[in-house]
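Visitor: please work out how this folds:
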Amino acid sequence: PWGGTAERPLGLLPMSPEAINTRYFLVTRENPDYFQVLSTSNFKPNRKTRFIIHGFVNTAERGWQMEMCQVMLEVEDVNCFCIDWRGGSFTLYTQAANNIRVVGAELASFIGYLSKNYDYSPSMIHIIGHSLGAHVAGEAGKRVPGIARISGLDPAGPLFQNTPPEVRLDPTDADFVDAIHTDTSPLIPKIGLGMAQSVGHLDFFPNGGQTMPGCGSNIITRLLDIEELWGGADNYLACNHLRSYKYYTESIRTPDAFVAFPSDTYEAFMKGTGFPCPSTGCPLMGYYAGFYGRGTLSGLPLYLNTGDVSPYARWRYKVTVKTSGILSFMGDMKVTLHRLKRNSKEIASGFTKLGGTYSAFIDSKNYAGSLTNLSYNWIKSLIDLIPGTVGADTVTVQYGRDGQTYQFCGKEQVRDNVLQNLTPCDSL
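Guide: Residues are numbered from 1 along each chain as shown. Take a look at the predicted model:
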């Protein structure tokens, strides 16, 4: 299955371990700013261990792996290894995709060394791999039963999409496998570098999994050969692909964020499918996905939205407005949740009918907490010869994660572009 198939027409042998030269750099709370070799290190067998693996044309000293380790150490006392296999990744993609078999086997051997010399259990190990590194993690998991968790960060798609489980990351590779998919567009013509195929117990597709906010459409990459893609400004050319590890790193510091909702499609999610979370709860994308575990949503796509720049986390709410007044109007309707920054949210635009009910989903940059007051206003887009007033009879706000609902009542109607303040209905 590693060659001579429709998905893998070329059957290349991996490079030798000597040529790949896999190295393991250890970071702990005792040495958070520099690497150590194991024999003279601060490795502690009573700590859990994280292995972080880079992908194509990358190294452990590029920055993101070290940053992820440092952020982990802020919240948890772990042994954090950055795995460097630059000798096998700085080559043609087709060759690098075959080299992962050697790197995964070496990682399995290293875990065996820890088990033999430190009596260290695989149940203490969590492997995190980006791109080709996700499949390295899978290779290691296939060889070492009982690995606690593998996290695939936009697992590489070319030469892995639709291949048998023994070739790619698969749910059987660890007790718990989660994956974040951020670049699932087709390889041709859009040069999507990730997998659209689910590979874990929980598979997250932020923003639909194809184009991340702030990344654009990657039009330039359509002109580039896949073998050449990573040679230059990868943060621009591979923006979608790299967002997976940026989301994951941010999730470590925000344990209540990145709530993901079950839905068959992203379009259905945007219309409200899966909202609010079921009684069994919703998984959190990223570092804390393990708290949910396999759960009842295993196998279902999980969706959420993010921001276009860091901080990327968003909190999802549903706002429903029932209007009253003496006229219908053409324009916009907005609600302001006073606990949120930059908090004016558009609920409806266009023709607004007297006495109508309108709903919208809000992906807020801030968590609103317990709401105590909000405001409503309307802005007409056409000049009316006869002025009128409109108000919100009720505004209902529901938080997606726990279904908590807040209802506010209005006692007045207001002119165009004038705020109407609403208070909790039970206080009237």
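Visitor: who's the closest spatial neighbour of residue 210, skipping the chain neighbours?
Guide: Nearest residue to residue 210 in three dimensions, chain neighbours excluded: residue 185, at 4.8 Å (C-beta to C-beta, 6 or more residues apart in numbering). For every residue, glycine as well, the C-beta is placed using N, CA and C.
Visitor: pLDDT score assigned to that neighbour?
Guide: Looking at residue 185, its pLDDT is 92.
Visitor: what's the answer for the one 4 residues further on, then?
Guide: The confidence metric pLDDT takes the value 76 at residue 189.
Visitor: and what of residue 349?
Guide: 82.
Visitor: what of residue 342?
Guide: 54.
Visitor: for residue 37, same thing?
Guide: Looking at residue 37, its pLDDT stands at 68.
Visitor: also residue 123?
Guide: pLDDT for residue 123: 98.
Visitor: that one against residue 148, yeah?
Guide: Yes - here residue 123 reaches residue 148: they are 5.1 Å apart, a contact under C-beta atoms under 8 Å.
Visitor: for these two, list the residues in contact with both.
Guide: residue 175 (C-beta atoms under 8 Å, 6 or more residues apart in numbering).
Visitor: between the two, who's got more neighbours?
Guide: residue 148 (17 against 11; other C-beta atoms under 10 Å).
Visitor: just checking, next helix/strand downstream of the helix or strand of the chain with the lowest mean pLDDT?
Guide: One helix or strand of the chain scores below all others by mean pLDDT, DSSP states H and E: helix 234-237, with a mean of 58. Following helix 234-237 in sequence order, the next helix or strand is helix 239-253 (DSSP states H and E).
Visitor: that next one - what's its average pLDDT?
Guide: Helix 239-253 comes out with an average pLDDT of 97.
Visitor: return the set of buried residues in that helix.
Guide: For helix 239-253, a neighbour-count test (16 or more other C-beta atoms under 10 Å) marks 239-252 as buried.
Visitor: now do stretch 28-42
Guide: Buried residues in stretch 28-42, counted by 16+ other C-beta under 10 Å: 28-29, 35-36, 38, 41.
Visitor: low-confidence stretches in the stretch 251-400 of the chain?
Guide: Residue ranges of the stretch 251-400 of the chain with pLDDT under 70: 326, 339-343, 383-387.
Visitor: just the helices in it please.
Guide: 266-270 (DSSP state H, counting those that start in this stretch).
Visitor: do the stretch 1-150 of the chain as well
Guide: Going by DSSP H, counting those that start in this stretch, the stretch 1-150 of the chain shows helices at 17-20, 64-75, 86-89, 93-118, 132-143.
Visitor: quick check: which of those is buried the most?
Guide: Neighbour counts (mean count of other C-beta atoms under 10 Å) averaged over each of these peak at helix 132-143, with a mean of 28.
Visitor: and stretch 63-83, how far apart are its ends?
Guide: Using C-alpha to C-alpha, to the nearest Å, one end of stretch 63-83 lies 12 Å from the other.
Visitor: pLDDT of it, averaged?
Guide: Stretch 63-83 shows a mean pLDDT of 96.
Visitor: distance between that stretch and the chain's centre?
Guide: In terms of C-alpha atoms, centre = their mean, to the nearest Å, the centre of stretch 63-83 is found 18 Å from the chain centre.
Visitor: likewise for stretch 140-153?
Guide: 20 Å.
Visitor: over to stretch 160-171?
Guide: Offset of stretch 160-171 from its chain centre (C-alpha atoms, centre = their mean): 21 Å.
Visitor: related to what we said a few turns ago, looking at the buried residues of stretch 28-42, which two lie furthest apart in space?
Guide: 29 and 38 (16.4 Å; C-beta to C-beta).
Visitor: so where's the stretch 1-150 of the chain uncertain?
Guide: Low-confidence segments of the stretch 1-150 of the chain, defined by pLDDT under 70: 37, 39-40, 62.
Visitor: could you find the closest non-adjacent residue to residue 11?
Guide: In space, and not counting its chain neighbours, residue 11 is closest to residue 3: 2.2 Å by C-beta to C-beta, 6+ apart.
Visitor: so the one you found sits against residue 94, correct?
Guide: No - between residue 3 and residue 94 there is no contact under C-beta under 8 Å: 9.9 Å.
Visitor: spit out the residues that contact the two alike.
Guide: Joint contacts of residue 3 and residue 94 (C-beta under 8 Å, 6+ apart) are 10, 12.
Visitor: burial count for residue 426?
Guide: Count around residue 426 with other C-beta under 10 Å applied: 7.
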